[in-house]
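> Mind folding the following:
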Amino acid sequence: MAKVVEFHIGKGKTRRPSEDVEEWERRHLELTVKLPEQYSEEDYHVALTRAERFIDDWLQSEMPHVPQFNPEDLMKHPWKGKKDGKGGYLKGSTAWGWDFKDQFSEDTIRALEKTSPLVIDDFEFTLGETIVQAKKKKK
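Residues are numbered from 1 along each chain as shown. Below is the predicted model of the structure:
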């Protein structure tokens, strides 16, 4: 009989946040569980049960509702960088940049207020008191 070294388990959940919202929310989580070199059948079943319970708990947790906004407002924004020494700023980027909060749409600011940091692709956007900051997400 072949020995199991690791197993993958995944589950998903789709729900409608409320009757007055058209869009459904989907969540999915997959885990990879690596087993120790020496394990019993009971150890395997305990690991499987724990992984399934972890996913179930995560799926049951409250899904944050992020207001609708255009992510391009953040992704294509002309970010500021460091001061240039002449009273202005060098060019920034989504990998590292910032700008004043009033340079973004109200929808974008509401989304950042609800979920900060807001992650889009490999970038994090954080709302401060007066600025929005962009940076590359650490892996």
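> For the residue nearest the centre of the chain, give me its contacts.
By Cα atoms, centre = their mean, the chain has its centre lying nearest to Val119, at 4.7 Å. Shown in contact with Val119 (Cβ atoms under 8 Å, 6 or more residues apart in numbering): Phe125, Lys137. From N, CA and C alone the C-beta is placed, and that goes for glycine too.
> Could you look up the SS state of it?
strand (DSSP: H, G, I helix; E, B strand; the rest coil).
> and the gap between it and Glu23?
19 Å (Cβ to Cβ, to the nearest Å).
> do Asn70 as well
For Asn70, the distance to Glu23 - Cβ to Cβ - is 15 Å.
> What sits closest to Glu52 if chain neighbours are left out?
In this structure, Glu52 finds its nearest non-sequential neighbour in Ile9, 6.2 Å apart by Cβ to Cβ, 6 or more residues apart in numbering.
> any low-confidence regions in the protein?
1-2, 62-67, 139 (pLDDT under 70).
> mind listing what Ile131 touches?
Here Ile131 is in contact with Trp98, Asp99, Phe100, Lys101 (Cβ under 8 Å, 6+ apart).
> Any quick ChimeraX command for the buried ones out of those residues?
Buried members of the contacts of Ile131, defined by 16 or more other Cβ atoms under 10 Å, are picked up in ChimeraX with:
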select :98,99
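> Narrow the contacts of Ile131 to those in strands?
Among the contacts of Ile131, DSSP state E puts Trp98, Asp99, Phe100 in strands.
> In CSV, list those along with distance to Leu90.
As requested, the ones in strands among the contacts of Ile131 are exported to CSV (distance: Cβ to Cβ, whole Å):
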residue, distance to Leu90
Trp98, 11
Asp99, 13
Phe100, 16
